[in-house]
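# build me a model from this:
(4 chains)
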Protein chains: 4
Amino acid sequence: MQLGMIGLGRMGANLVRRVMRDGHQCVVFDRDADAVHALADEGATGVSSTAELAAAMTGPRAVWVMVPAGAVTTSVIDELAEVLSPGDIVIDGGNSYYRDDLTHAKTLSEKGIHLLDCGTSGGVWGRDRGYCLMVGGDADAFAAVESVFASIAPGVDAAARTPGRDGEPARSERGYLHCGPSGAGHFVKMVHNGIEYGMMAALAEGLNILHNADIGTRPSESDAETAPLDHPEYYRYDIDVAEVSEVWRRGSVVESWLLDLTASALHSSPDLSEFTGHVSDSGEGRWTAIAAIDEGVPAPVLTAALYSRFASRDLDQFADKALSAMRKQFGGHDEKPAQ
Amino acid sequence: MQLGMIGLGRMGANLVRRVMRDGHQCVVFDRDADAVHALADEGATGVSSTAELAAAMTGPRAVWVMVPAGAVTTSVIDELAEVLSPGDIVIDGGNSYYRDDLTHAKTLSEKGIHLLDCGTSGGVWGRDRGYCLMVGGDADAFAAVESVFASIAPGVDAAARTPGRDGEPARSERGYLHCGPSGAGHFVKMVHNGIEYGMMAALAEGLNILHNADIGTRPSESDAETAPLDHPEYYRYDIDVAEVSEVWRRGSVVESWLLDLTASALHSSPDLSEFTGHVSDSGEGRWTAIAAIDEGVPAPVLTAALYSRFASRDLDQFADKALSAMRKQFGGHDEKPAQ
Amino acid sequence: MQLGMIGLGRMGANLVRRVMRDGHQCVVFDRDADAVHALADEGATGVSSTAELAAAMTGPRAVWVMVPAGAVTTSVIDELAEVLSPGDIVIDGGNSYYRDDLTHAKTLSEKGIHLLDCGTSGGVWGRDRGYCLMVGGDADAFAAVESVFASIAPGVDAAARTPGRDGEPARSERGYLHCGPSGAGHFVKMVHNGIEYGMMAALAEGLNILHNADIGTRPSESDAETAPLDHPEYYRYDIDVAEVSEVWRRGSVVESWLLDLTASALHSSPDLSEFTGHVSDSGEGRWTAIAAIDEGVPAPVLTAALYSRFASRDLDQFADKALSAMRKQFGGHDEKPAQ
Amino acid sequence: MQLGMIGLGRMGANLVRRVMRDGHQCVVFDRDADAVHALADEGATGVSSTAELAAAMTGPRAVWVMVPAGAVTTSVIDELAEVLSPGDIVIDGGNSYYRDDLTHAKTLSEKGIHLLDCGTSGGVWGRDRGYCLMVGGDADAFAAVESVFASIAPGVDAAARTPGRDGEPARSERGYLHCGPSGAGHFVKMVHNGIEYGMMAALAEGLNILHNADIGTRPSESDAETAPLDHPEYYRYDIDVAEVSEVWRRGSVVESWLLDLTASALHSSPDLSEFTGHVSDSGEGRWTAIAAIDEGVPAPVLTAALYSRFASRDLDQFADKALSAMRKQFGGHDEKPAQ
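Residues are numbered from 1 along each chain as shown, chains lettered A, B, ... in the order given. Next comes the predicted model:
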């Protein structure tokens, strides 16, 4: 079938490549003309505006939007509402907040256009590895473009089949899933990213404990301001965390893609000295925590992971100063310089 | 080579099978004679006491101990100190606290016997999948029994090689690692399990958020005691968490063995109704948190995961009652029944 | 001056009493006619509708709204927008979400009416102890009704003056504060309640640790599923937590009103056996956590306190079952009954 | 009665002053002769060694030890075991780990000497305010020195009596308590400090949320690496946190001594700019968390407070770098400089 793609960044361009590899035709647009030319060289039809894209496609059209979440996505969807026709389908494959999907779907449905919200996981590796797709919206619209999702997803062979599953592989086994009505796809993707934060933090905290397992051999301070290390003899290990992350990749309970990536990063840079440790967050972790709070279900691990990122960016500084100020007040404790 | 095995439970018996499969000879003992006979039928030499085991082996001996951590392990090691000879090697493959290794190593070294502490990960699946081995102790002793570790470990083919690694695979790539002096193996295994707790909790919390994504469709209560749901329209999703855990297995960032197992559990029991939700913990998560505290490094995610397990067993009840009592005192708030 | 009061529940009625005690006149309305009659007997002017209330007052009017947050408050404010006149002042003294203040202020300002949002702390004790008032909105409107706030607040003598403060007491020292523009009062009150959750949980967790300090004397289980207690000799204390909470009331660092209330609750009921431990939350703790997340600042303590309440209501159950299911999958671990 | 005091730092000297004020005699020793002379000038008997102190007192002696916890306390207790006589009483008023009390008590009991472990709260303010005393050890020994505890404690008038308590005030109401056998006093003090950490963090986090309530007015970045602020209009408040902490001191639910101190600190330094925010911890918070873990009871709030202090000292840096490294690996995300 034919697919339109708006947004040819790292993700969008690789999606087009996977779709074309399966014989689909692509009409592509990006504000950056070079990005359009690059894909045209690979066989896509390049256009230079949203309106041109609509004109170059035969209906009913399917147009994938792969641009930054928020204002940019909203403006593209508003444009598409103008240039597309009733029965067309828009797929928002970006990291939109699922609440925005409800607004966007309303905008489009007033013109008879369907919106599918599609959480797309896979990062820079997806071109070869395939992308995991979590889709929300109308079931008929989903069925109409299913062959595109199938081309983008990794396929059933990407993992061993779950015991008890046999016969024709379910969609979920091929790497894409219709999760429910509008917003359901991005909701599931949001929680996926929340879990990702938690898993990343679990690994990072554990590696940090290993990294500091030699604390009993470091010169220690012991005064009224500092808890002494009770048993330095228990902390005399000089652990090679790169080798540990490698050994865990085979046979351990923590086997995971994130561990694979960690082992790779530590192999090339055992001290990670090129990083400062100011960890960004791009929204989904926040939204996941807010969803947990709204639902009234506890998410202490996912939220702790989020807060560690905030703390890494020093936005806890006033709180820390307040603690030092209280200690000064009640105990006359002077601050000590950081270790 | 020849390996003695003491303890033929689920783990011990499968270790013997992997070792024999590679042509090594095994002399095996368990207090349960049936377990001994079963392995004797598979080709091992069965004996009926620790002393017999020592007598049946030729020196220098290598004896693997695979019995419950704590008092049982200590008593077996005390026995071995009596019946083994200088130059022999004891491998403690159980989940011993690494601090106990220091005591055990001292007991044995007084008789000239070496102790290797070996964290063994792999659970009930290890027989086929291989076990991930994290070893501490004397480097020469490690080298002397390396071929046994190699037989037990999964081997390099169990995972794609990390980019940048080539040539002869390192030990870590074959699934076993000498981590450092006495205790280092169990220290690394302890942290591995701590990470496991964190990853498990990350998945469990995320699935719970998905499971409750329909909270806006449930009859809600709103009174002075209860926070109303501000936007019920955002929580109207009836998510199939079994299908979600399946789709994440291919192409997503949270791909992991724990996710594979979760997908399997949810496929066979979507409601998990055979579980009560009282989650046990077997020590390593506690020890990991204590190590973080001793080192002075934060481990909020790993500790939150541990505390969730404690809360699942209702040991937080007095704290909860105290909260209700305070609310009653300052606000006249009466308790409400659980939802 | 003259004050209208809508809502004569526990809080509203006591506010009226404090205001009348200082010689102000009150015109009062509640849907419950008995509540109106009770206060009329104490000297207030009772009316039977919002419109009557407006008619019974001379302009510029000041009307305090003390009804449940959410839909009820919104409907009262909508009514007042109809019956009041330009220049009048509405004070929302309830626990409204500060974001709703922005909407309510807009509704009223279209009629030339001012809204002051007023966080009111003090609970059932406020009638005698006074209420702490955190006010947002137009500064002139605030000044116009300041004498009412002064009557409701505890006054400077309620606490020793802070070192360095002398001369005419600031408003903050008298127990009320203009915090900023619309919403600022409820924002500060929201964070106040967030801190309250954290302090309550700190006390409750500490008391629970004391309550369980005898765990080394209880029959213990030790098997592969359960972490054994390493040093039972360290946990043989039978602590009287009621006496401990009493002794901390004098001279300790944790002296606080919440501790006073806790000591009182434990004195009358040392086991708190009349409570089930299902702890409600009325919204502000959630909103505080969401504000922290929006701001990108970590609030691990406040959020952990919130999540403990969620867990006390068993909404973590599916997560706990998922953990047990994973343990069963990878380790063959069967669940154990709760302790 | 007569009291010996070893250790005349801030705490020890003020204890002597309170004891002498009630007519007791004090024999005092410190390694710093100036400290001894200063108290001799105020009426104490100064001595220049532990042995001299023993000689200057009439039996049965009561000797208070007020020196740094750990090695220093142990060495003083070892000395006292040599110079005191059977029936004498040693009071360890420092912040010893309660587990050390068990060792110290054994050392002394072999000589027939009693040890009372006494948690002493009150900081630099205790001289006037009195100290809260939590005592463990033999009940007869406690009774023998009770008059000293009564002099040091604040006395019943320091707080309003708890409702339901009348007649002769209990010891707890006078500010001191016999908590149980050896170690019980320091155990209760340990948990007190754990709660203190939690309360401090609750206040600090809340103030930080207020401090950043203007985040919607700051220039914001929004790119693929950064979560945009969804609703800047909700975060336009410029809150005066010093005034807020003052207003909460009267009538609010968070009234507490820690709030009083916070208000004082913020009044003299609204920006707390003289602090760096590297917050020390002196051990009890760690021990409280370890006790919770050993008991198997969750303490998420107290532990989060502890971990925030660790993070403030940058010992989480390797973990943060690992997170950035993973993000770089899977998403090609480059780190951003700290805000």
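# could you measure from the closest residue to chain D within the stretch 151-300 of chain A over to C:Met134?
With CB to the nearest CB, the shortest gap between the stretch 151-300 of chain A and chain D falls at A:Gly277, namely 3.2 Å. C-betas here are computed from N, CA, C, even on glycine. The gap separating A:Gly277 from C:Met134 is 37 Å, by CB to CB, to the nearest Å.
# if you count surrounding residues, which of these two has more?
C:Met134 (29 against 21; other CB atoms under 10 Å in any protein chain shown).
# what score does that one have for pLDDT?
Listed pLDDT for C:Met134 reads 98.
# quick one: it is in a strand?
Yes. Membership of C:Met134 in a strand is supported by DSSP: H, G, I helix; E, B strand; the rest coil.
# identify the residues contacting it.
Shown in contact with C:Met134 (CB atoms under 8 Å, 6 or more residues apart in numbering or on different chains): C:118-119, C:121, C:176-177, C:179, C:184-186, C:188-189, C:192, D:244, D:247.
# so who does A:Glu146 touch?
Contacts of A:Glu146 (CB under 8 Å, 6+ apart): A:Arg171, A:Tyr176.
# what does A:Phe29 give?
Residues counted as contacts of A:Phe29 (CB under 8 Å, 6+ apart) are A:Gly4, A:Met5, A:Ile6, A:Leu8, A:Val36, A:Gly46, A:Val47, A:Ser48, A:Ser49, A:Thr50, A:Glu52, A:Leu53.
# what about it, distance to chain D?
Shown here: A:Phe29 relative to chain D, a distance of 19 Å by CB to the nearest CB, to the nearest Å.
# other SSEs contacting whichever strand in chain A runs longest?
Looking across chain A with DSSP state E, the single longest strand is strand A:114-121. When contacts are defined as 3 or more CB pairs under 8 Å, 6 or more residues apart in numbering or on different chains; DSSP states H and E, strand A:114-121 packs onto strand A:89-92, helix A:98-109, strand A:132-136, helix A:139-144, helix A:184-211.
# what's the closest of these to C:Arg165?
helix A:184-211 (43.7 Å; CB to CB).
# does that closest one reach chain D?
Yes. Using CB under 8 Å from any CB of the partner chain, helix A:184-211 reaches chain D at A:Met200, A:Ala201, A:Leu203, A:Ala204, A:Glu205, A:Leu207, A:Asn208, A:His211.
# closest to C:Leu266 out of those?
Minimum distance to C:Leu266 across these is 36.4 Å, recorded for A:Glu205 (CB to CB).
# do I have it right that that closest one meets B:Ala299?
Yes. Counting by CB atoms under 8 Å, A:Glu205 does reach B:Ala299; the two are 4.6 Å apart.
# so which strand or helix has A:Leu53?
helix A:50-56 (DSSP states H and E).
# how about the strands in the stretch 151-300 of chain A?
Assigned by DSSP state E, counting those that start in this stretch, the stretch 151-300 of chain A shows strands spanning A:176-180.
# count of neighbours near the nearest residue to the residue of the stretch 151-300 of chain A closest to chain D once chain neighbours are set aside?
Distance criterion CB to CB, 6 or more residues apart in numbering or on different chains; nearest residue to A:Gly277, sequence neighbours excluded, is D:Asp320 at 3.2 Å. By other CB under 10 Å, the residues close to D:Asp320 number 26.
# list the residues that contact D:Asp320.
A:Ala204, A:Phe275, A:Gly277, A:His278, A:Val279, A:Ser308, A:Ser312.
# got CSV for those, with pLDDT too?
CSV is the format used below for those (pLDDT from 0 to 100):
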residue, pLDDT
A:Ala204, 96
A:Phe275, 92
A:Gly277, 90
A:His278, 90
A:Val279, 90
A:Ser308, 94
A:Ser312, 92
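# still on that earlier bit, distance-wise, check the residue nearest to A:Gly277 relative to D:His333.
Going from D:Asp320 to D:His333 by CB to CB gives 14 Å.
# which residues does A:Glu233 contact?
A:Glu233 touches A:Gly216, B:Leu102, counting by CB under 8 Å, 6+ apart.
# no wait, A:Thr45
For A:Thr45, the contact set (CB under 8 Å, 6+ apart) comprises A:Gln25, A:Cys26, A:Val27, A:Val28, A:Ala56.
# per-residue pLDDT, it?
A:Thr45 carries a pLDDT value of 98.
# so which helix or strand takes in A:Ser147?
Going by DSSP H and E, A:Ser147 is in helix A:146-152.
# in that helix, what counts as buried?
By 16 or more other CB atoms under 10 Å in any protein chain shown, the buried positions in helix A:146-152 come out as A:Glu146, A:Val148, A:Phe149, A:Ser151, A:Ile152.
# center of chain A - which residue?
A:Asn193 (5.1 Å; CA atoms, centre = their mean).
# now do that one, the pLDDT please.
What the model reports for A:Asn193 is a pLDDT of 97.
# residues near the closest residue to it other than its chain neighbours, how many?
Once flanking residues are discounted, A:Asn193 sits nearest to A:Glu284: 3.5 Å by CB to CB, 6+ apart. As a burial measure, A:Glu284 scores 25 neighbours (other CB under 10 Å).
# A:Glu243 too?
21.
# and it, what does it touch?
When contacts are counted by CB under 8 Å, 6+ apart, A:Glu243 touches B:Ala170, B:Ser172, B:Leu177, B:Cys179.
# what of A:Ile215?
By CB under 8 Å, 6+ apart, the neighbours of A:Ile215 are A:Leu229, A:Pro232, A:Tyr235, B:Asp294, B:Glu295, B:Gly296.
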